[in-house]
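Undergrad: please find the sequence and the predicted model below.
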Amino acid sequence: MQSTAIMVAMKSLPSNERCFITGCDEKTEWQLKWFLENYLKHNKTPIVFADFGVSEEMRSWIWQVSAFADIIEIPKQRVGGWFYKPTAMLASPCVETCWIDTDIEVLGDMSGIFKYVEDNKIGMVEDKPWSKRRGEKWHNSGVIAIRGKPAMLHKWANECRGKPNVGDQEVLHSIVNLNPLMRLTHISDIPNIYNWLRIQIIDGEDSPKKLAMHWTGQKGNDVIRKKMYNG
């Protein structure tokens, strides 16, 4: 019987002060090497990998070849995919942690994001396209920064395991949207440059200062494939 405990395999993490973390399953593992290569071009902060169910071939590469400092094994449940994200963050071995999705093209040093982390809050960038289209404030879960393990992170993880709905971002929104004060109390805003969304480009919004370009959705996957194959 598979253990239900979360395992963290220590490889080369120099300290437990801060780290970035990413993760994927077999469906999205094709993005991982591209993501890691971009991250390492610009960042020295250790990065941790959370295994959501990758293939054996990818698992071998992660353990033997990749530059990940630690590896987190997530107990596999029915939910799958990105619903494991908050659980992986709870298992982070560091005091300060920043999650980054693998469909994000890292363009610069992301370590400045930790300046915006607040105690007992989840730091996120506003999802401006979603806020605009839905008439209420949304936050995008492609980049998430925390210090310690905020209470809202625990609640989010529990809801993702028990009541998965569309995606992890939608689950969090459904929690904080119950009361307008909950968003102010539990989420802090991080500057847009740390998670620039593909649809913002479509809407005519861009910045030369952006540090992370988030290629969301199937059209974003098409862009990533072109970048991978065209160099």
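TA: Right, received. Where do you want to start? Numbers count the residues shown, from 1 in each chain.

Undergrad: tell me where the longest strand sits in the chain.
TA: strand 139-147 (DSSP state E).

Undergrad: who does that one pair up with?
TA: As defined by DSSP bridges, the strand partners of strand 139-147 come to strand 96-100 (antiparallel), strand 122-126 (antiparallel).

Undergrad: list the buried ones in it?
TA: Neighbour-count burial for strand 139-147, counted by 16 or more other C-beta atoms under 10 Å, picks out His139, Asn140, Ser141, Gly142, Val143, Ile144, Ala145, Ile146, Arg147. C-beta coordinates here come from the backbone N, C-alpha and C atoms, glycine included.

Undergrad: and those, which is closest to His214?
TA: Gly142 (4.8 Å; C-beta to C-beta).

Undergrad: what sits against the closest one?
TA: Going by C-beta atoms under 8 Å, 6 or more residues apart in numbering, Gly142 touches Ile100, Asp101, Asp103, Ile104, Val125, Asn195, Leu197, Ala212, His214, Thr216.

Undergrad: hmm, back to that, now the element after the longest strand of the chain, going C-ward?
TA: Per DSSP states H and E, the first helix or strand lying C-terminal to strand 139-147 is helix 151-162.

Undergrad: now do that following helix: which elements does it pack against?
TA: helix 85-90, strand 122-126, helix 168-176 (3 or more C-beta pairs under 8 Å, 6 or more residues apart in numbering; DSSP states H and E).

Undergrad: between the shortest one and helix 168-176, how many degrees?
TA: If you take axes from the mean of the first three to the mean of the last three C-alpha atoms, to 10 degrees, strand 122-126 sits at 110 degrees to helix 168-176.

Undergrad: so where do the strands sit in the chain?
TA: Under DSSP E, the chain gives strands at 7-10, 18-24, 47-51, 70-73, 96-100, 104-106, 122-126, 139-147, 187-189, 196-197, 212-214.

Undergrad: and for stretch 143-152, what's in contact with it?
TA: Residues outside stretch 143-152 that contact it (C-beta under 8 Å, 6+ apart): 85, 89-90, 95-101, 104, 113-114, 116-125, 153, 175-176, 186-187, 190, 194-195, 212, 214.

Undergrad: what about that stretch, start to end distance?
TA: 16 Å (C-alpha to C-alpha, to the nearest Å).

Undergrad: sweet, I'm off.
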